[in-house]
Structures are given as structure tokens and as C-alpha cells.
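*Asks:* next input, structure requested:
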Amino acid sequence: MRDALFVLTVLAAVAAGLWAWRRLHYPSFWLALGFPLAALFVRTSWRRVALGCGLTKKRQRWWFTTVPGAIASTGLVKVRRRFQRVAVDTKPFMWLPLPIRNGWRVTLHTLEGQTPGDYAEAAERLAHSWGVHAVRVSSDKPGRVRLSVTVRDPLVKVEELPPSTELLKVTVGRPETGSPWVIDFKTVPHWINAGATQSGKSNLANALIVGLSPQPVALVGFDLKGGVEFTPYAPRLSALATTRAESVTLLEDLVGLMLDRMGLCRQAGARNIWQLPTGVRPVPVVVLVDELAELYLMADKSEKDEIAKASTALLRVAQLGRAFGIYLFCCGQRIGSDLGPGVTALRAQCSGRICHRVNDPETATMTLGDLDPAALVSARAIAAETPGVAIVASQDGQWYRARSFYVSETTAERAAQTHTHLAPAWDEITAHLPEAITA
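*Replies:* A predicted model of the protein is given here:
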């Protein structure tokens, strides 16, 4: 009786220790215990999982069979061999799984006639078969498919990371891979950020204000909500437009600024402002646009010319602004093709895509529709209970689920107030422009 009680006590202590280990330091628990068990399970279950998910192939193979024949005089058995053709199930060859943060990845050799799309269609079935959170499919070379498996949702809780110290880089959260989610305007100059109310769209703009305020850049705001979003950050903004009429004037200034910098680069023999000497290099400009649809909505025909001017100027900035240090971050609750061809043309120039939870499928399609169709499906599955979660088109050509840190309006306002001295005056930035443009 004592022995049984001792064994139960030891088992309870081991279980409690494992629970505490997993709870307090999951990465080491995963590498030391979780991953080896998961890798063993994946390897041993792959044949039946591949068969159940429709990833095997029927093949005809020849096998040797033996046909015995007795020799009565000696009592010996003479064995004859012959070929027999049978059908067998062939599974894709699997390499050894490798550990990653919150999961593992494994490379497979596709069978004849298979494509990565076949595995993408079976991704949900694979996840249920292995009892994991999600399975992502990618391919880095023909005939190879890589499965990236996450055991649990890494975006349930996202801890804040230290801010980036590099120019025009802002750390805003984490993707599902566990690495920092960095918005790098030098690498991806123009962004579209779509999301419904309370989806995390405005929180991402707050994170940009906090991250860019300490940097030597000019911030320009377009707040088509009448200024209620960006006015508290006005001390750090070099210019702010709160109506479409003001937006047209400010956009024309940006186009003039771009043409002026174009001439400066041409005289210096430089292809962009980053090839200019530090002493003459103009300050980078980051343009934050809130409620993009308000620039394109038309109540009556009298607004047609104003909308055309705003659309054309914004598109010109998107097409040519990168080389001359002008970057866009456009936010909106609804971004649909029904707003006109100007929005579609603008989307083509914005290689950075962020799609939070949206209320209509058209916005998700407009934001992510020209990427992997699986990204569109994942965007429509974002729950309202997870604000900040979004689908992000990364600079490596892939898409990921990501979640931004929570940044309150108070934090963003404090950052704007603290770094007011770093905001260059708009009159100084546009001082070299012709009077016809700045008037």
C-alpha cells in the first residue's frame, strides 16, 4: 500500500513539474520534450495520415512469389519463383522534422502529378489528423513541399518587444513565426491597412506614431474623420489635412516636393535620395492616411473634379515617391473596387498589405485577392474576439498571421508630445517649391 502511494506521489510530482515547466518556460519544454515526442508521432503516423488525407498514390509493383512443388522420390520441395504484379499505396517521402518556435517544419518529396496546391487543400485535414493548431504549406523548389506546423496559436498573447533603432523601421508586433513584426518602409515603401472598427487598424497607426516619433522623419497626416484620429498627434505632425479640400492641397504639395527632389537627384547624378550626401539629403516623409475611402466617395457630380485631383495626386506619390523619400501608409474600413479605378491602381502600387477583420468580403479581396487564395480564407476567419490579429504580406513573398502590440491613444499622444522638437515645419520642407504649387 505504501509502495503504491509512493508511486502515485512521484507521478503527481512529475506531472506537476512538467506542467510548471511548460507554463513557465515553454520554449525549453518544447525543445527538450515536446518536439521529440511530436517528431516520433509524425514519422510513425505519416503513412496512415497521408492515406486519410488523399496524398498517396496507387502504384503497380512487381513482387517475387514462390510456388512450391513436391518431389515424391526424395521428399524434397522444389521452389519455383515467378513475378506477380500488385497495387500498393505509395506515400510521399518525408525528411526528419525540424523544430521551430511553437512547432516544427518538415520537407516532403511530392509524388508524380502532385503540386503544392494538393497539400494546401489538405492542410486543414493534416492539422486535425495531427491535433495541431495549423499547417502552412510552401515550396522552395520543384518537387519539394514544406509543411510548417504550429502546435498552439502563438498570437493568443503577444508580448511587447523593444523598439527598433533603425531609420524607417518600426516594430509593431509578432507574426505567427515568433520573430518580430517589423514595418520597414525602406524595403516595402507603401502599405494598405484594412480593417473594421475595433479590429486593430487604428492601434497599428498608433504603433507607427510611437515608433516613428523619435526618428528624424517628417510625419504627414490625412484624417478624413474630421481630424478626430490624428489631431491629438498634431504636435509631431508636420502637416495635417482633415477635409478632402485640404487633402487635395496637401497632396499637390507632396507631388511638388517629389518633383523638387527629383530635380535634386538628377543634378547630383543620384537615382534616389539615399545616394545623396548626408548634408544635402532631404528628410524622409511618411504619409499616414486614415479612412482612405473618404477621398473617393462622391455625393454629387460637383465633387467629381476634386476626387479626380486627389486620386491622381495620391497615385503619383505611390508610383514615384519611394525613390524620393516619400512613403505611404493608407488605412480604411472599406477598400473596394466600387470606389473607382483610382483605388485599384493605388493598390497595385502598395506591395505592403495588412488585412484585419473586415465586414465585407470585397475589402478582403481588394487587399489580399491578388496574393495566395489561402490568405483570403484566413483573413475571413479572424474572430472579433482577437483585435490586432491580421494577415500580413511579408517582404519575403509569403503571408503570415500576425498580431500587433496594444498601443493606447495616451501612449501615442505622449510620444507625439515628447518628440515635438523633431517635427520639421511644413513650410521649411516646401520652401523650395514654386509658389504656384504651395499657394
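*Asks:* going forward, measure contacts and count neighbours with C-alpha atoms only.
*Replies:* Noted.
*Asks:* any low-confidence regions in the stretch 51-200 of the chain?
*Replies:* Residue ranges of the stretch 51-200 of the chain with pLDDT under 70: 59-89.
*Asks:* what mean pLDDT does stretch 2-15 have?
*Replies:* The average pLDDT within stretch 2-15 is 80.
*Asks:* chain center to it: distance?
*Replies:* Centre-to-centre, stretch 2-15 and its host chain are 47 Å apart (C-alpha atoms, centre = their mean, to the nearest Å).
*Asks:* alpha carbons only: can I get it in PDB?
*Replies:* Provided in PDB are the C-alpha atoms of stretch 2-15 (Å, rounded to 0.1, in the frame of the first residue of the first chain):
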ATOM      1  CA  ARG A   2       2.800   2.300   0.900                       C
ATOM      2  CA  ASP A   3       4.600   1.500  -2.400                       C
ATOM      3  CA  ALA A   4       1.500   2.300  -4.400                       C
ATOM      4  CA  LEU A   5       1.100   5.600  -2.500                       C
ATOM      5  CA  PHE A   6       4.800   6.400  -3.100                       C
ATOM      6  CA  VAL A   7       4.400   5.800  -6.800                       C
ATOM      7  CA  LEU A   8       1.300   7.900  -7.100                       C
ATOM      8  CA  THR A   9       3.100  10.700  -5.200                       C
ATOM      9  CA  VAL A  10       6.100  10.600  -7.500                       C
ATOM     10  CA  LEU A  11       3.800  10.600 -10.600                       C
ATOM     11  CA  ALA A  12       1.900  13.500  -9.300                       C
ATOM     12  CA  ALA A  13       5.100  15.400  -8.500                       C
ATOM     13  CA  VAL A  14       6.400  14.700 -12.000                       C
ATOM     14  CA  ALA A  15       3.200  15.800 -13.600                       C
END
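*Asks:* go through stretch 272-288 and flag the buried ones.
*Replies:* Asn272, Ile273, Leu276, Arg281, Pro282, Pro284, Val285, Val286, Val287, Leu288 (16 or more other C-alpha atoms under 10 Å).
*Asks:* give me the contact list for that stretch.
*Replies:* Contacts of stretch 272-288 with the rest of the structure, by C-alpha atoms under 8 Å, 6 or more residues apart in numbering, involve 205, 216-222, 261, 265, 268, 270, 323-331.
*Asks:* go on, stretch 321-334?
*Replies:* The contact list for stretch 321-334 (C-alpha under 8 Å, 6+ apart) reads 185-186, 189-197, 201, 258, 261-262, 271-273, 282-293, 317-318, 358, 360, 363.
*Asks:* in helices only, show me the residues you listed.
*Replies:* Among the contacts of stretch 321-334, DSSP state H puts Lys201, Met258, Arg261, Met262, Val317, Ala318, Thr363 in helices.
*Asks:* pLDDT check: weakest of those residues?
*Replies:* Scanning those for pLDDT, the low point is Thr363. It has 86.
*Asks:* that one: neighbouring residues, count only.
*Replies:* Residues lying near Thr363 (other C-alpha atoms under 10 Å) number 22.
*Asks:* which residues does it contact?
*Replies:* Per C-alpha under 8 Å, 6+ apart, neighbours of Thr363: Ala194, Arg334, Ile335, Gly336.
*Asks:* in helices, which of the residues you listed appear?
*Replies:* Among the contacts of Thr363, no residue falls in helices (DSSP H).
*Asks:* most neighbours, which of those?
*Replies:* Busiest of these [other C-alpha under 10 Å] is Ala194, holding 30 neighbours.
*Asks:* Serialize the buried residues of stretch 272-288 to CSV and add fields for distance to Glu160 and pLDDT.
*Replies:* Output for these, formatted as CSV (distance: C-alpha to C-alpha, whole Å; pLDDT from 0 to 100):
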residue, distance to Glu160, pLDDT
Asn272, 34, 94
Ile273, 33, 95
Leu276, 36, 93
Arg281, 33, 93
Pro282, 32, 94
Pro284, 27, 96
Val285, 26, 97
Val286, 23, 97
Val287, 25, 97
Leu288, 23, 97
